[in-house]
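Q: Here you go, sequence then predicted model.
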Amino acid sequence: MPPEQAYQPDRSLKGKLRRRLVRLAHRRPLARGPVAPMVSFTFDDAPLTAVETGARLLEARGARGVFYVSAGLAGTEGPMGRFAQPADYARLAQAGHEIACHTYSHLDCGQASGAAAADDAARNRAALVDWGAGPVNHFAYPYGDVAAGPKSALAARYGVLRALHHGVIEAGTDLNQAPAVGVEGPDGEAIAEHWLSKARARKAWLILYTHDVRPDPSPWGCTPEALARLIDRTQMSGMEIVTVTEGAQRLGVEPAAA
């Protein structure tokens with residue numbers, strides 16, 4: 001069974017407290033915010049429809065996206081459809097898209113030890129580089145969850161580590177648990193538009209994420225039409241679309257050592 005189907009968040013009081021407290025631990029505040037608003041379009045788990053349709057929609061508008069890949073899922077079937085093959089991710093990198101890191105097995109960093117998370121992420125990074133999809137400088141926590149151990153262990157290995165809580169990136173944002181906004185579900189497009197307006201007003205960096213991109217998306221994906229409208233509205237508003245590496249470089253955030 002694919003990890004997404006088997007996943008159950010820790011709903012205990014201990015789990016809720018952990019999620020609240022980890023936001024205060026092992027922080028790495030951004031020293032300075034953007035001088036102009038930026039937006040990144042990202043695709044978690046990078047299923048085949050994102051690799052094909054999502055990338056095509058961005059490329060048609062002169063933009064590039066970021067694909068957070070779990071190498072262990074490549075070529076398998078999941079609730080978001082089939083996952084892409086190694087050659088697909090290498091092709092994305094050659095086309096100028098960014099390949100970024102999940103864990104190899106889609107390991108839940110909220111319920112794993114720091115050592116286990118670091119080992120699984122290192123295995124993933126090595127596989128992606130071996131496929132020709134590197135360099136791999138940034139990370140997103142699978143399921144958006146993380147405990148203190150993995151947060152500390154992974155922080156030294158990546159430039160920006162992304163979670164799933166809503167927000168924008170500006171001065172003081174924790175780069176070890178950066179916010180993002182999902183384009184998923186029936187309200188995903190409207191929620192994304194709301195945060196696009198906030199990012200524009202605050203001259204902040206907004207990271208949007210989705211999963212599959214197809215006419216009948218999973219609960220974690222969006223339609224091609226919704227994604228196209230968001231890309232068009234971003235560009236029409238004058239906000240620049242950047243990869244995570246491009247956004248980090250503009251803010252003086254260097255990739256961590258592998």
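A: That came through fine. Residues are numbered from 1 along each chain as shown.
Q: Could you grab the helix/strand/coil label for residue 24?
A: Classification of residue 24 by DSSP: H, G, I helix; E, B strand; the rest coil places it in coil.
Q: Number of residues surrounding the closest residue to residue 51 other than its chain neighbours?
A: Spatial nearest neighbour of residue 51, chain neighbours left out: residue 84 (4.3 Å); criterion: CB to CB, 6 or more residues apart in numbering. Bear in mind the C-beta positions are built from the backbone N, C-alpha and C, glycine included. As a burial measure, residue 84 scores 22 neighbours (other CB atoms under 10 Å).
Q: Kindly report the same for the one 10 residues further on.
A: Burial of residue 94 is recorded as 10 neighbouring residues (other CB under 10 Å).
Q: In terms of pLDDT, where does the closest residue to it other than its chain neighbours sit?
A: The shortest distance from residue 94 to any residue other than its chain neighbours is 7.7 Å, reached at residue 132 (CB to CB, 6+ apart). Turning to residue 132, the model gives it a pLDDT of 95.
Q: same question, residue 111
A: Looking at residue 111, its pLDDT reads 89.
Q: buried sites along stretch 205-220?
A: For stretch 205-220, a neighbour-count test (16 or more other CB atoms under 10 Å) marks 205-214, 217-218, 220 as buried.
Q: ok, back up a step: could you verify my assumption that the residue nearest to residue 51 touches residue 76?
A: No: the criterion here is CB atoms under 8 Å, and residue 84 misses it with residue 76 at 10.2 Å.
Q: just for the stretch 1-150 of the chain, where's the confidence low?
A: Residues of the stretch 1-150 of the chain that meet the criterion pLDDT under 70 lie in 1-11, 13-16.
Q: all helices of it, in order?
A: Ranges of helices within the stretch 1-150 of the chain are 3-6, 13-22, 48-49, 55-59, 86-94, 114-130, 148-155, based on DSSP state H, counting those that start in this stretch.
Q: Tell me which residues are up against the third one.
A: By CB atoms under 8 Å, 6 or more residues apart in numbering, the residues outside helix 48-49 that reach it are 80-84, 88, 212-214, 221.
Q: Throw these into CSV and include distance to residue 33, thanks.
A: Formatted as CSV, the contacts of helix 48-49 follow (distance: CB to CB, whole Å):
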residue, distance to residue 33
80, 33
81, 37
82, 39
83, 35
84, 34
88, 35
212, 32
213, 30
214, 35
221, 30
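Q: ok, of the residues you listed, which one's closest to residue 70?
A: Closest approach to residue 70 among those (CB to CB): residue 83, at 8.1 Å.
Q: Residue 166 touches residue 179, doesn't it?
A: Yes: Residue 166 is within contact range of residue 179, at 6.0 Å (criterion: CB under 8 Å).
Q: With neighbour numbers in mind, choose between the two.
A: residue 179 (21 against 12).
Q: Nearest spatial neighbour of the more buried one, chain-adjacent residues omitted?
A: residue 167 (3.0 Å).
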